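Asker: model this:
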Amino acid sequence: MRPVWKENPSPGYQAIKAVVLGGFALAIVIPILVVISTSLASDEDIIDAGGYVLWPSHPTFKAYQTLFSGGLMGRAILVSVFVTLVGTAIALAVTIALAYATSRPVLFGRPVLLMVLFTLLFAPGIIPMFLVVKQLGLLDSLWSLILPGALGAFNFVVLRTFFMNVPGELLESARIDGASDFTILRRIIMPLSKAVIAVVGLFYAVGFWNAFFNALLYLNDTSKWPVQVILRTYVLQGKSLSADQLGVHPPPQPQSLQMAVVVVALVPIAMVYPFLQRHFTKGVITGAVKG
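Answerer: Next up, the predicted model:
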């Protein structure tokens, strides 16, 4: 008798599966379509629809032209790009170094590892972190958006688990040939770990790009705001950009402008995923399952 999972599905089951999957697809696609359509809708389309638009009759890029003409969104994008690129590079360097160091046999290895994990899993809290940032002189600096998030516990565990499964014989042969730990890490460990490093880098990049809470805590200068703070201020809090801030008179409809901010905040980081897609599943499964 053939197992159940090898049997050909009945037409009724296939129809039900198609309806369910189609419903999930529509639940995902329609909100995205509404966001993009509203950002491209003219003032007349928004007034006729009474708010958000599913399909614009008179598409226009007025909302995007307005956003970038005032300089506010342009500066925010540059800030977010800087924080994401520099923060991801620093976070990967710190995480790879710590993961490699704790994956090798060291004196008092388990207590040292438990101490590292303990400090990572239990955050100090908002007030102690704010005092540390203040004492380091990082208030109102972009480094306050980078350094507090330079090491993530989950990413550290994933990388360390992968590094521990690199054959020890390979590393010993390199040591016999005179390779140092830095050479082993750079020429052996990292080339073998490209997939999991790419995935961890994507996690860090998405985290830095989407972060806004640290900016609310540590930044007083609005010219240093990242995109997500603008998104939160003018979309989630229901505020609208004034004509003076935008540099355009008169400004477009608030709904069109707010959805344009959503699209601008979403598209850059979404464009990164296709380049790392082939590494994503392999990296997560390899780093998290082996052990």
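
Asker: Every contact and neighbour count from this point should use C-alpha atoms.
Answerer: Noted.

Asker: just the helices in the stretch 51-200 of the chain please.
Answerer: Ranges of helices within the stretch 51-200 of the chain are 62-69, 72-103, 109-121, 126-135, 153-164, 168-176, 181-184, 190-192, 194-210, based on DSSP state H, counting those that start in this stretch.

Asker: burial count for S223?
Answerer: By other C-alpha atoms under 10 Å, 13 other residues sit near S223.

Asker: An error on my part: the question was meant for Y234.
Answerer: Per other C-alpha under 10 Å, the neighbour tally for Y234 reads 18.

Asker: where's the closest residue to L121 other than its chain neighbours relative to V83, distance?
Answerer: Excluding the flanking residues, the one nearest L121 by C-alpha to C-alpha, 6 or more residues apart in numbering is A153, at 6.3 Å. As judged by C-alpha to C-alpha, to the nearest Å, A153 and V83 stand 20 Å apart.

Asker: Please apply the same query to R160.
Answerer: R160 is 25 Å from V83, where distance means C-alpha to C-alpha.

Asker: For T222, find the nearest of the helices of the stretch 51-200 of the chain.
Answerer: Nearest to T222, of all the helices of the stretch 51-200 of the chain, is helix 72-103, at 9.0 Å by C-alpha to C-alpha.

Asker: What residues of the closest one count as buried?
Answerer: 72-73, 75-77, 79-88, 90-92, 95-103 (16 or more other C-alpha atoms under 10 Å).

Asker: wait, what's in contact with M259?
Answerer: Going by C-alpha atoms under 8 Å, 6 or more residues apart in numbering, M259 touches V35, I36, T38, S39.

Asker: Next step: those residues restricted to helices.
Answerer: With DSSP state H as the criterion, helices contain V35, I36, T38, S39 from among the contacts of M259.

Asker: Distance of the closest residue to A99 other than its chain neighbours relative to A153?
Answerer: Spatial nearest neighbour of A99, chain neighbours left out: R160 (4.4 Å); criterion: C-alpha to C-alpha, 6+ apart. Using C-alpha to C-alpha, R160 is found at 10 Å from A153.

Asker: who's more crowded, those two?
Answerer: R160 (24 against 15).

Asker: Can you list phi and psi of S180 for me?
Answerer: phi -80, psi 170 (degrees, to the nearest 10).

Asker: quick one: it from V166, how far?
Answerer: For S180 relative to V166 (C-alpha to C-alpha), the value is 16 Å.

Asker: returning to that earlier point: ok, the residue nearest to A99 touching L117?
Answerer: No. Taking C-alpha atoms under 8 Å as the definition, R160 is not a contact partner of L117, at 11.5 Å.

Asker: Output the lowest mean pLDDT helix or strand found in this protein.
Answerer: Taking mean pLDDT, DSSP states H and E as the measure, helix 243-246 is the helix or strand of the chain with the lowest mean score, a mean of 50.

Asker: Could you list the buried residues of the helix or strand just after that helix?
Answerer: Per DSSP states H and E, the first helix or strand lying C-terminal to helix 243-246 is helix 254-270. Using 16+ other C-alpha under 10 Å as the test for burial, helix 254-270 gives 254-265, 269.

Asker: low pLDDT regions in the stretch 101-250 of the chain?
Answerer: Within the stretch 101-250 of the chain, the segments meeting pLDDT under 70 span 106-110, 112-113, 116, 236-250.

Asker: try 50 this time
Answerer: Filtered on pLDDT under 50, the stretch 101-250 of the chain yields the residue ranges 243.

Asker: Report how many residues lie close to the nearest residue to I96 once chain neighbours are set aside.
Answerer: Leaving aside its sequence neighbours, I96 sits nearest to L159 (C-alpha to C-alpha, 6+ apart; 6.9 Å). For L159, the neighbour count with other C-alpha under 10 Å is 27.
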